[in-house]
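Below are the sequence and a predicted model for it; my questions follow.
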Amino acid sequence: MDMIKRPRRLRGGETIRKMIRETRMDKSSLIYPMFVQEGIGREDEIPSMPGQFRYTLDRLPYELERLAKAGVGSVMLFGIPDHKDEIASQAYAQDGIVQRALQVGKEKFPELYYITDVCLCEYTSHGHCGMLCGHEVENDSTLDLLAKTALSHVQAGADMVAPSDMMDGRVLAIRNMLDKNGHKETPIMSYAVKYASAFYGPFREAADSAPAFGDRKSYQMDPHNSREGVKEALLDVDEGADIIMVKPAMSYLDMITKVKEVTNVPVAAYSVSGEYAMVKAAAQKGWIDEERIMCEMAVSTYRAGAQIYLTYYAKELAKCMDEGRIG
């Protein structure tokens, strides 16, 4: 049989494979999540996330320097306060942990791009992402505190804010607050399509943010639903979101594609703590090739349509890109 079409012709060597590659990545699209904590002289490794640490402010510049040298230009800051209360007062305090971390980062490494997670779960005594009425998370009374938190971050030096709480209307509340206070040019990256996922377990240890009772299913999305995710994305774009995020990444690649197809804003995806922890655990057992798995996970996320990738492997991926093993 004579065959005219032979797809293998374009797989015969590394040069041709790279030439016709459909998915291309760049270090500028990587964002590295970081945890900052109170105290002095501490880099506390997170037990369920080997290689990830909580940094005190005096140790933060050393990690920022490592990121800058790796070519990772953007960070996402999560704060772990010493004091928590029912109104999450440290989330929007001028001297809050994230606010001071921004000041340190901007002073030491002003060339880096600083994004802040805007949520209340790390700061509330009950661990939920909003204000409570009994055991119910109250949507509307939470919005003002989220907007105040976002404003305090921008005033402290944040280049972008990223609300992750999943309250209805929070993007509009934040947009109005920022605009009213002269920050019309500050972009919002919304965790618009955030599922109530079991993949968040290690993060809750890292950020000390596990809910004291119940779960977050009344505000985070049901993993069974996809059309609902499209609705959430479109609502947030209408409210002023400049970038839409899908979280988690690995189990929701279909949602990345769907959101990419229906919106006209950049799409981000967060490869979350559980994804990282599973790869690390299997690699420590010698069951997988950690680097190849890490790269394959990243490629699949970009192939699905993400333009921005939040990952705890940002430094390692940057090195692989530099060395031509991924890109």
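Received the coordinates, thanks. Numbers count the residues shown, from 1 in each chain.

hey, where'd the strands end up in the stretch 151-300 of the chain?
160-163, 189-194, 243-247, 267-271 (DSSP state E, counting those that start in this stretch).

how far out from the middle of the chain is the third one?
Per CA atoms, centre = their mean, to the nearest Å, the displacement of strand 243-247 from the mean C-alpha position of its chain is 8 Å.

which residues are contacting stretch 152-160?
92-94, 96, 98-100, 102-103, 105-106, 113-116, 118, 161, 178, 181, 183, 186-189 (CB atoms under 8 Å, 6 or more residues apart in numbering). (C-beta placed from N, C-alpha, C; glycine too.)

Can you get me a residue count around Ile293?
For Ile293, the count of nearby residues is 17 (other CB atoms under 10 Å).

can you check the one 5 residues further on too?
By other CB under 10 Å, 28 other residues sit near Ala298.

So for it, what's the nearest residue that isn't a sequence neighbour?
Among residues not flanking Ala298 along the chain, Leu317 sits closest, at 5.7 Å (CB to CB, 6 or more residues apart in numbering).

List the buried residues of the one helix or strand the one you found maps to.
Element membership of Leu317 [criterion: DSSP states H and E] is helix 314-322. Residues Ala314, Lys315, Glu316, Leu317, Ala318, Lys319, Cys320, Met321 are the ones in helix 314-322 that count as buried (16 or more other CB atoms under 10 Å).

can these go into a markdown table with extra columns for pLDDT?
Listed next are the buried residues of helix 314-322 as a markdown table, based on pLDDT from 0 to 100:
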| residue | pLDDT |
| --- | --- |
| Ala314 | 98 |
| Lys315 | 98 |
| Glu316 | 98 |
| Leu317 | 98 |
| Ala318 | 97 |
| Lys319 | 96 |
| Cys320 | 96 |
| Met321 | 95 |
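
just curious, which of the residues you listed is nearest to Ser141?
Ala314 (35.7 Å; CB to CB).

for that closest one, what are its contacts?
Leu30, Ile31, Tyr32, Leu67, Ala70, Val72.

Now it: closest residue in space, sequence neighbours ignored.
Tyr32 (3.9 Å).

can you check Val246 too?
Using CB to CB, 6+ apart, the closest residue to Val246 is Val193 (4.5 Å).

Give the burial count for the one you found, as a bare number.
Val193, neighbours per other CB under 10 Å, totals 27.

Please look at it and Ala233 and confirm they touch.
Yes - with contacts counted by CB atoms under 8 Å, Val193 reaches Ala233, the gap being 5.7 Å.
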